[in-house]
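# task: produce atomic coordinates for the following.
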Amino acid sequence: MGRGGKSKDRENGPERKCVVTGEVQPKFGLIRFVVGPDGQIVPDLADKLPGRGIWVSSDRNALQQASKKGAFNRGAKQQVTVPEDLVDQVEAMLVRRVVDLISLARKTGDAITGFEKVKDWLVKDYAEVLIQASDGSGRGKSKLRTPEGGSFIGWLTADELGQAFGRQTVIHVALGAGGLTHRVVEDAARLKGIRTRGGDDDHRKG
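Have a look, this model is predicted:
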């Protein structure tokens, strides 16, 4: 896994073209949309809904441009209705997907929380991913380092991480090498494009 939570081992996977930027990239870096029966644009994060797919880079600016400058009309080759809160919808859906995946990883023993437990996994090289709440104490978070060759996710709140563990708030999480970890990293990377604005998410490497 590479910088910013992006995975390297699927760079040669299926590619799609962003209707806003024209850039062709692996589809896990984009958001798929379809036109619903009522002519309204619908996010399809799981890439399962029927219909012609319209792909937009998982980036807040790209999604805002698609909503305001007719890119969805061009992609659909028809007039469509775009919800005013489409970007917020996508963000909320991505948060839900990431939280649900972490919760599933917890149930399979591939996700743990608690400073000491996370530290232990990092020391023993069990951890593939370090997740820390964006609103957690900087002093506390600075005491843990992203695993060598692993990924860091730092744009979920303590409340959101808490939902994955059935707690009010959670600050530190580690993910092992289980099958769900890769999916967490990919969906978290898509969320990062919507939620962050060019901040450095790798500052805890080393």
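# so which bits of the longest helix that the chain contains are buried?
Longest helix in the chain, counting residues (DSSP state H): helix 86-107. Along helix 86-107, these residues count as buried under the neighbour rule (16 or more other Cβ atoms under 10 Å): 86-87, 90-91, 93-95, 97-99, 101-102, 104-106. C-beta: built from backbone N, CA, C; applies to glycine.
# and it, what does it pack onto?
strand 41-43, helix 60-68, strand 111-113, helix 158-165, strand 172-175, helix 181-195 (3 or more Cβ pairs under 8 Å, 6 or more residues apart in numbering; DSSP states H and E).
# one more time with 10 Å, if that's ok
strand 30-35, strand 41-43, helix 60-68, strand 111-113, strand 129-132, helix 158-165, strand 172-175, helix 181-195 (3 or more Cβ pairs under 10 Å, 6 or more residues apart in numbering; DSSP states H and E).
# tell me the mean pLDDT for the first one?
Strand 30-35 carries an average pLDDT of 97.
# can you tell me the strand partners of it and which way each runs?
Sheet partners assigned to strand 30-35 using DSSP bridges are listed as strand 41-43 (antiparallel), strand 54-57 (antiparallel).
# tell me the spacing between the spatially most central residue of the chain and D88.
In the chain, the centroid-proximal residue (Cα atoms, centre = their mean) is A188; its distance is 2.0 Å. Counting by Cβ to Cβ, to the nearest Å, the separation of A188 from D88 is 18 Å.
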